[in-house]
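Peer 1: 3D model of this:
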Amino acid sequence: QVQLVESGGGLVQTGGSLRLSCAASGLTFSNYVMGWFRQAPGKEREFVASISRSSGSTYYADSVKGRFTISRDNAKNTVYLQMNSLKPEDTAVYYCAARITPVLGPTMNYNYWGRGTQVTVSS
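Peer 2: Predicted coordinates:
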């Protein structure tokens, strides 16, 4: 059974930083592209970032480019999202997801999803 478990969310002030983690189990982690997504209240879920199987390539939404960094540790079956210079508009539930097809672009077509972790940025 595949499980993706996010952690690291919380409350932070504008300009602050958080590091999200997503621990994967039940799959061959290094075979999957990993992505981060977010969903704000009343809005649709949106793509944030993705990383290739070997960490050689990354892709970011324009709204987070230069502020967020996605990384992964295949030995630990974990993907990370370092979030800096946080803004109130970054407030959302953040989800990680796994995709078997090696496509990095802003697609929502992922095979497995976590349950999310709340990030709240106060102004």
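Peer 1: which of the three states applies to the residue positioned nearest the centre of the chain?
Peer 2: The residue lying closest to the centre of the chain (C-alpha atoms, centre = their mean) is Trp36, at 2.3 Å. Following DSSP: H, G, I helix; E, B strand; the rest coil, Trp36 is assigned to strand.
Peer 1: tell me the bridge partners for it.
Peer 2: Ala49, Cys96 (DSSP bridges).
Peer 1: any idea how far Ser123 is from it?
Peer 2: To Ser123, Trp36 is 23 Å away according to C-beta to C-beta, to the nearest Å. The C-beta positions use only the backbone N, C-alpha and C, and glycine is treated the same way.
Peer 1: so who does Thr78 touch?
Peer 2: Ser21, Cys22, Ala23, Ala24, Arg72 (C-beta atoms under 8 Å, 6 or more residues apart in numbering).
Peer 1: which of the helices or strands spans the third one?
Peer 2: Going back to what we said before, that points to Ala23. According to DSSP states H and E, Ala23 maps onto strand 18-25.
Peer 1: convert that strand to CSV, retaining C-alpha atoms only.
Peer 2: The C-alpha atoms that make up strand 18-25 are tabulated as CSV, following Å, rounded to 0.1, in the frame of the first residue of the first chain:
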residue,chain,number,x,y,z
LEU,A,18,9.2,26.5,6.4
ARG,A,19,10.5,23.2,5.2
LEU,A,20,8.0,20.6,4.3
SER,A,21,8.8,16.9,4.1
CYS,A,22,7.0,14.0,2.5
ALA,A,23,7.9,10.5,3.4
ALA,A,24,7.0,7.8,0.9
SER,A,25,6.4,4.1,1.5
